[in-house]
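In: Requesting a structural model of the entry that follows:
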Amino acid sequence: MTPAIELVRHHCIAHIIHEYQHDPASSAYGREAIEKLAVDQERVFKTLIVDLGKRRLAVAIIPALAMLSLKLTAKSFGSKKAVMADATDVLRSTGFVLGGVSPLGQRRLLATLLDQSAIQFDTIYVSAGRRGLEIEMSPNDLVSLSRGKFAEIAETHH
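Out: Residues are numbered from 1 along each chain as shown. Presented below is the predicted three-dimensional model:
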């Protein structure tokens, strides 16, 4: 049981836990989840931690195969710039290792953005706090529970 699952259960939020055998050789965690769970790739989201400067970390949740727009992310957080947070800072702040970072149940509640593409789905998949463990839930419940907001933060390729 992870802190993310405990939080969702505590708030009685509808969810489904999906577990798969994580391949330690895989570093493409989102792609691995899509393949092993055999779900629509646009419904699987990855949780990224960004550094907004002055040691201010924030959460950006985007489709697993998308790239994060650091420019849009910084703008959405009202910051001058955003860079990917250092792995050590991510672990220290969230309590989760890369590839298993959940947007829920982190040690400290960080400002959170969920890419607006999530709105089109009844449920999306995010990490439940461990590699090989996903939680399926409504994007609105995720935003509510993380006290986040929807924003356009994934890079769109035309």
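In: from here on, contacts and neighbour counts on C-alpha atoms
Out: Fine.
In: Name the residue closest to the centre of the chain, please.
Out: Centrality entry for the chain: nearest residue to the mean C-alpha point is residue 47, 2.3 Å, by CA atoms, centre = their mean.
In: Could you check what's spatially nearest to residue 80, not counting adjacent residues?
Out: Leaving out its chain neighbours, the residue that sits closest to residue 80 by CA to CA, 6 or more residues apart in numbering is residue 74, at 6.1 Å.
In: For this protein, just list every one of the helices.
Out: 3-10, 29-37, 70-76, 87-94, 139-145 (DSSP state H).
In: Let's have the ones you listed in JSON lines, adding mean neighbour count.
Out: Below are the helices of the chain laid out as JSON lines (neighbours: other CA atoms under 10 Å):
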{"stretch": "helix 3-10", "mean neighbour count": "16"}
{"stretch": "helix 29-37", "mean neighbour count": "19"}
{"stretch": "helix 70-76", "mean neighbour count": "18"}
{"stretch": "helix 87-94", "mean neighbour count": "16"}
{"stretch": "helix 139-145", "mean neighbour count": "18"}
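In: Which of those sits closest to residue 57?
Out: Counting by CA to CA, residue 57 lies closest to helix 87-94 out of the helices of the chain; the figure is 8.2 Å.
In: just the CA coordinates of that closest one, formatted as PDB?
Out: Written as PDB, here are the backbone C-alpha positions of helix 87-94 (Å, rounded to 0.1, in the frame of the first residue of the first chain):
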ATOM      1  CA  ALA A  87      16.400  13.300  -9.000                       C
ATOM      2  CA  THR A  88      17.700  13.800  -5.400                       C
ATOM      3  CA  ASP A  89      15.400  16.700  -4.800                       C
ATOM      4  CA  VAL A  90      12.500  14.800  -6.300                       C
ATOM      5  CA  LEU A  91      13.100  11.900  -3.900                       C
ATOM      6  CA  ARG A  92      13.600  14.200  -0.900                       C
ATOM      7  CA  SER A  93      10.500  16.200  -1.600                       C
ATOM      8  CA  THR A  94       8.000  13.500  -2.800                       C
END
